[in-house]
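Participant: Structural data only, the sequence is not supplied:
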Ligand code: NAP
């Protein structure tokens, strides 16, 4: 008896430098199992200068798409023929789909963060005061989706204030339409008692001090560092000492991956059990 040959799994990867630490292969393997999709997902370290060549070679070899990580999210958006509205607004992309008629760039970071805050942490954003720290690729990616959740006020504070001003300027009309007061600030004087402080800066990655004053976070608030693992610990400890809730970036990591998986495969996996499995996996590692 002959059996029909199985089609080869669709191939994806996370491309960046460095990528050895990336948990994306674990997450996408779990999504594939959960949804019954046949995919293969690897890591590609393209070095400091090899991003464009690595993406082109991966696509030319028959791959279906990739995720893009630091520091190439701005390059990824520029490489694609078509950008989703959110990738366009961010000017940065973390997901590429190698469509035959032109590559599509998307940015799933913001919607992933939003889902982690509102769904996983059950923290409604409407009417809240939010401080977003950082105006790099991650800050740019999350600002638009945060505005759609209609907080009362959103302040972007960055080490280089001009970058915060530029990001706020690009989102000014969107904020007006959503009825959100949006402004830029310095790290030293962002304002006080925010309900939510999001550290989207690379301060934790670099082992630097918590980048905003203690009184920026309300004692009843929530603080999220987009970083995770040991590097995020100081920021999380700072929030807990204030009496606030603290959350690392693993939830966002899983949820942005779920959104990318949906863009690629047309089916949305459930992030919650995969987040649980990832936390258990990391606790054993
Ligand atoms: P990026 O494009 O390199 O931007 C870095 C940002 O951090 C800039 O705003 C920079 O300010 C600021 N910064 C750097 N060092 C700082 C310090 N010591 N103190 C205060 N601010 C500092 O990086 P990115 O892509 O935005 O990533 C930022 C962080 O988010 C990284 O840790 C990354 O791993 C994490 N991330 C996590 C997820 C997730 O799914 N959990 C997704 C995306 C990113 P200047 O403008 O002054 O340089």
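Facilitator: Here it is on my side, so go on. Fair warning: this is a prediction, and the values are worked out from it, not measured in the lab. Residues are numbered from 1 along each chain as shown.
Participant: Spatially, and excluding backbone neighbours, which residue is closest to the residue nearest the centre of the chain.
Facilitator: Closest to where the C-alpha atoms of the chain average out (C-alpha atoms, centre = their mean) is residue 109, at 2.9 Å. With sequence-adjacent residues excluded and distances taken as C-beta to C-beta, 6 or more residues apart in numbering, residue 109 is closest to residue 141, at 3.7 Å. Just so you know, the C-beta spots here come from the backbone N, C-alpha and C atoms, and that holds for glycine as well.
Participant: Surely the one you found and residue 110 touch.
Facilitator: Yes - applying C-beta atoms under 8 Å as the test, residue 141 and residue 110 come out as touching, 5.1 Å apart.
Participant: So for the two, which residues contact both of them?
Facilitator: Here residue 141 and residue 110 have 86, 90 as joint contacts, going by C-beta atoms under 8 Å, 6 or more residues apart in numbering.
Participant: returning to that earlier point: which stretch of helix or strand covers the residue nearest to residue 109?
Facilitator: In the assignment (DSSP states H and E), residue 141 maps to helix 137-148.
Participant: so what secondary structure elements neighbour whichever helix or strand comes after that helix?
Facilitator: Next in sequence after helix 137-148, counting helices and strands by DSSP H and E, comes strand 153-157. The contact analysis (3 or more C-beta pairs under 8 Å, 6 or more residues apart in numbering; DSSP states H and E) places strand 153-157 against strand 129-133, helix 137-148, helix 161-170, strand 181-185.
Participant: Tabulate these (CSV), appending mean pLDDT, mean neighbour count and distance to residue 243.
Facilitator: Converted to CSV, the helices and strands packed on strand 153-157 look like this (pLDDT from 0 to 100; neighbours: other C-beta atoms under 10 Å; distance: least, C-beta to C-beta, whole Å):
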stretch, mean pLDDT, mean neighbour count, distance to residue 243
strand 129-133, 98, 25, 17
helix 137-148, 94, 25, 24
helix 161-170, 96, 17, 28
strand 181-185, 98, 18, 23
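Participant: and these as JSON lines, adding distance to the ligand?
Facilitator: Putting those into JSON lines (distance: least, C-beta to the nearest ligand atom, whole Å) gives the following:
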{"stretch": "strand 129-133", "distance to the ligand": "7"}
{"stretch": "helix 137-148", "distance to the ligand": "3"}
{"stretch": "helix 161-170", "distance to the ligand": "4"}
{"stretch": "strand 181-185", "distance to the ligand": "12"}
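Participant: So which of these is nearest residue 115?
Facilitator: helix 137-148 (9.2 Å; C-beta to C-beta).
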